[in-house]
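Novice: kindly return the folded structure for what I paste below:
(one chain, ligands or ions: 3)
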Amino acid sequence: MTFNLVDPADAPKAIPLRLVGKAQLEAVLASLPARERAILQASGFDAAAGSVRLMHGEDGAVSAVVAGIGASILSQAEHDLWAIASLPTALPQGVYRLADEPSADTATLLALGWALGTYAFETFKKQARRNASLVWPEHADRGRVVREAEALTLARDLINTPANLLGPVALAEKAKAMAEQHGANVTVTVGNALLEQNYPLVYHVGRAAVEEPRLVDIRWGEESHPRVTLVGKGVIFDTGGLDLKPPASMKIMKKDMGGAAAITALAHMVMAAKLPVRLRVLLPIVENAISHEAFRPLDVLPSRNGMTIEIGNTDAEGRLILADALTEADSEKPALLINMATLTGNARVAFGPELPTLFTRHDDLAAEIARHSVERADPLWRMPLWPHYRKQLDSKVAHMNNVSDSAFAGAIIAGLFLAEFVSDETRWAHLDMSGWNFGSRPGRPEGGDAQAIRALYGVIEDMAAKG
Ligand code: BES
Ligand code: ZN
Ligand code: ZN
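Specialist: Numbers count the residues shown, from 1 in each chain. Ligands and ions are numbered 1, 2, ... in the order given. Okay, the predicted model is just below:
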């Protein structure tokens with residue numbers, strides 16, 4: 001995939017594109033030929049983000065473009081990443097080149113923003129528009145841009161594809177195909193075999209659906225490298241089970257495999273970059289459906305680590321399937337363990353859909369993730385694993401309940417549930433994310449998205465560099 005980024009050798013006649021921030025407006029105006037300055041001033045150009053002015057030559061063709069990129073609200077990285085993401089669809093079709101070559105970091109972020117700005121979910125209906133193209137900025141890290149754009153495109157497509165076309169069989173196949181493309185070993189444990197191999201929670205949660213529950217297990221890289229294990233919640237569609245979700249909440253639950261999609265995308269980045277790590281990926285994949293075989297409120301289910309779980313609510317299914325996967329992941333004592341999940345509505349109530357929530361027992365890991373989050377403009381924020389709420393998961397009949405009776409702190413309680421399956425020493429991060437853009441912004445159209453994976457990639461890359 002090229003993401004409408006072209007080699008300079010293939011575009012000798014590219015149209016110069018001048019980016020102007022609010023702070024540079026005066027200086028840029030002063031430096032321009034009188035005619036161009038007059039056009040900009042007469043049209044009220046104020047360098048607002050997304051504003052565009054076309055300059056025409058004697059023959060009437062577009063000879064140059066001036067694009068406003070506003071002012072930075074958060075970090076410079078955030079500004080750079082989205083500065084030109086609206087342009088592939090806003091500019092007339094053609095090939096453009098940056099009039100000024102930015103520094104390497106900025107060039108890489110601008111190019112990624114351009115690539116993401118070309119995304120549309122076109123499985124059912126092609127967009128009428130054609131994207132404009134950009135000449136690769138000279139100092140951009142092309143490999144990184146392509147890996148990240150491929151990963152995000154893959155995750156977005158997986159999440160956007162409705163459950164009737166992407167059931168447990170198809171999602172497992174997609175993850176497997178991605179992994180095999182990198183020469184990884186993949187096993188998929190399906191249906192009754194989950195019971196035989198002691199993944200009872202994955203089995204029971206997924207049992208009601210026509211397509212059987214399954215666990216995708218991917219291994220890649222040399223044994224001698226640091227072990228990184230990634231786990232993603234793959235709930236194909238979350239009806240809520242018998243404790244059925246109300247219609248408004250159920251509507252977008254095709255995105256409940258967003259964790260598995262994001263982890264698949266992150267794994268693609270790691271393997272495509274050939275990072276020297278020993279990667280393992282575990283994707284428990286189920287459909288939380290309703291039938292005579294559905295698990296029920298007050299059922300008591302066994303789990304992989306031997307604890308019995310009383311079901312307070314069948315809608316808290318994600319933590320159940322993750323529990324078995326995390327037990328297996330933790331048993332190998334990985335140097336880093338990350339899970340991603342669209343786990344609770346409450347995380348969205350607390351932080352809104354733009355900010356994935358991070359839970360970890362390890363302050364140093366939290367700090368590392370936060371640093372990469374800022375550097376790569378991939379936002380997330382930490383929430384506490386507040387130990388005093390753990391008792392709310394106590395059950396009178398089993399080792400633990402899957403929900404608390406309280407309406408408070410749902411995201412924290414879910415994190416505490418998962419924590420029961422990961423040993424204290426393991427450097428573990430749990431991300432509760434929305435996986436969905438509720439409105440359209442440049443480069444981030446309404447629909448599925450893989451949040452936080454570029455920040456997490458930074459942590460894995462650092463680990464690999466240290467060996
Ligand atoms: N998939 C949902 C969480 C969710 C809801 C994510 C809305 C994004 C938007 C999860 O399986 C769930 O239903 N969680 C319940 C837990 C509750 C029953 C304790 C929730 O958050 O309401
Ligand atoms: Zn649920
Ligand atoms: Zn769910």
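
Novice: next, Leu152: secondary structure please.
Specialist: helix (DSSP: H, G, I helix; E, B strand; the rest coil).

Novice: now the nearest residue to it once chain neighbours are set aside: how far from ligand 2?
Specialist: Distance criterion C-beta to C-beta, 6 or more residues apart in numbering; nearest residue to Leu152, sequence neighbours excluded, is Ala450 at 5.5 Å. The C-beta positions use only the backbone N, C-alpha and C, and glycine is treated the same way. Using C-beta to the ion, to the nearest Å, Ala450 is found at 20 Å from ligand 2.

Novice: and what of Ala175?
Specialist: From Ala175 across to ligand 2, the span is 21 Å (C-beta to the ion).

Novice: likewise for Phe421?
Specialist: Distance of Phe421 to ligand 2, computed by C-beta to the ion: 18 Å.

Novice: and that residue, its phi and psi?
Specialist: The phi/psi pair for Phe421 (degrees, to the nearest 10) reads phi -110, psi 10.

Novice: contacting residues for it?
Specialist: Counting by C-beta atoms under 8 Å, 6 or more residues apart in numbering, Phe421 makes contact with 303, 305, 322-324, 326-327, 330.

Novice: check which helix or strand covers the closest residue to it other than its chain neighbours.
Specialist: The shortest distance from Phe421 to any non-neighbouring residue, by C-beta to C-beta, 6+ apart, is to Leu326 (4.2 Å). For Leu326, the host element (DSSP states H and E) is helix 318-331.

Novice: give the buried residues for that helix.
Specialist: Burial within helix 318-331, assessed by neighbour count using 16 or more other C-beta atoms under 10 Å, is assigned to 318-330.

Novice: farthest-separated two in the residues you listed?
Specialist: The distance between the two most remote of those (C-beta to C-beta) is 17.5 Å, for Gly318 and Asp330.

Novice: who does the residue of the stretch 151-300 of the chain found nearest ligand 2 bridge with?
Specialist: Nearest to ligand 2 in the stretch 151-300 of the chain, going by C-beta to the ion, is Asp238, at a distance of 4.3 Å. Listed beta-bridge partners, Asp238: Asn288 (assigned using DSSP bridges).

Novice: Ala464 falls within a strand, correct?
Specialist: No: in this structure, Ala464 is helix, not part of a strand, as judged by three-state DSSP.

Novice: please, which helix or strand holds the closest residue to Leu134 other than its chain neighbours?
Specialist: Excluding its sequence neighbours, the residue lying closest to Leu134 (C-beta to C-beta, 6+ apart) is Trp114, at 4.9 Å. Element membership for Trp114 (DSSP H and E) is helix 104-117.

Novice: buried residues in that helix?
Specialist: Buried, per 16+ other C-beta under 10 Å, within helix 104-117: 105-117.
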